[in-house]
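Asks: sharing a sequence plus its predicted fold:
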Amino acid sequence: MSTPPLPLPLVDPAETTGSGCSVPDEFPASYAEGAQRPESPDPASTALAADLAHDLAIGDSPAVRDFFGPAYDAVFTFGTMLRDQGELRGLIGPREVSRLWERHLLNSAALVAHLPEAGTLVDVGSGAGLPGIVVAAMRPALEVILIEPMERRTIWLTEVVEALGLTNVEIKRGRAEEYHGAFEADVVTARAVANLAKLSRICLPLLRPGGEMVLLKGRNVAQEIDPARKALRSLKATDPEIFEGHTISGIEPTTICRVRLR
């Protein structure tokens, strides 16, 4: 006579997982099923994404469109090229990608109100094209010469000029000193190139008598004036004038330093 099978123990389904194994109360069922703990978002990445969204909103705002006027499309295209390729090509740092409009495009544009409508402007150490490309887009009657010593950057500038259809730009590869005496400009600009004393020696010989050196500088530019006085006197330049350049409401003004050649 066969032995009847033993009855299986009753198990509460709430105490089991899909594998049929009991799980202690202190472990969520999802752990027994092999699920991973959700990763916390990286605070730095979250902040960077927020900064980028904010900067894109600035660039698309009616205030910025009105400020740039007919030059908006060209500046927008330039900004897009910088955002897509600038870090990869070593033109801007990784942190600058998320603040192009606020810290770079509008910063460069603050200079334009203090430049002539026409004539010849030389941008020394053009690099990524700030401020030279922005100036050329906003002052189409101004002949803009971009001087840049690095070949890869002159290649970039050439690509930008072609993409934007700027017909008032000439790109020269070399150091500014190599062009002393080659031409006489009405205005020379520079941004984040050197201190005032060095810039005076580099830039002022490019000007015609009565021309101006108009520089984008940091807030501490006043500290550069005394060390530059000897160079300024020897080159027959006026004392530097420091003032703020403004663009749209809510954007920090730009510090501008202007020197005239007698």
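Replies: Now that the structure is in, tell me what you want to look at. A quick note: this is a predicted structure, and the numbers were derived from the prediction, not measured.
Asks: from here on, contacts and neighbour counts on C-alpha atoms
Replies: Fine.
Asks: on the three-state scheme, residue 247 is what?
Replies: Secondary structure, DSSP: H, G, I helix; E, B strand; the rest coil: residue 247 is coil.
Asks: thought it was touching residue 106?
Replies: Yes. Here residue 247 reaches residue 106: they are 6.6 Å apart, a contact under C-alpha atoms under 8 Å.
Asks: these two: which has the busier surroundings?
Replies: Applying other C-alpha atoms under 10 Å to residue 247 and residue 106 shows that residue 106 carries more neighbours, namely 26 against 21.
Asks: tell me the contacts of the more buried one?
Replies: When the contact criterion is C-alpha atoms under 8 Å, 6 or more residues apart in numbering, the partners of residue 106 are residue 247.
Asks: quick one: the helix or strand containing residue 172 to chain centroid distance?
Replies: If you go by DSSP states H and E, residue 172 is part of strand 169-173. How far strand 169-173 lies from its chain's middle: 21 Å, per C-alpha atoms, centre = their mean, to the nearest Å.
Asks: also stretch 182-202?
Replies: With C-alpha atoms, centre = their mean, you get 21 Å for stretch 182-202.
Asks: pull the CA atoms of it into CSV?
Replies: Below are the C-alpha coordinates for stretch 182-202, written out as CSV (Å, rounded to 0.1, in the frame of the first residue of the first chain):
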residue,chain,number,x,y,z
ALA,A,182,51.1,97.1,-42.5
PHE,A,183,47.9,99.1,-42.1
GLU,A,184,46.3,101.8,-39.9
ALA,A,185,43.0,100.9,-38.2
ASP,A,186,40.4,103.2,-36.8
VAL,A,187,39.7,100.9,-33.8
VAL,A,188,41.5,97.9,-32.2
THR,A,189,39.7,95.5,-29.9
ALA,A,190,40.8,92.6,-27.8
ARG,A,191,39.2,90.4,-25.2
ALA,A,192,41.0,88.3,-22.5
VAL,A,193,44.4,88.6,-24.3
ALA,A,194,46.8,90.3,-21.9
ASN,A,195,47.1,93.1,-19.4
LEU,A,196,46.8,96.8,-20.4
ALA,A,197,50.6,97.5,-20.6
LYS,A,198,51.2,94.6,-23.0
LEU,A,199,48.0,95.3,-25.0
SER,A,200,49.1,98.9,-25.4
ARG,A,201,52.4,97.8,-26.9
ILE,A,202,50.7,95.3,-29.2
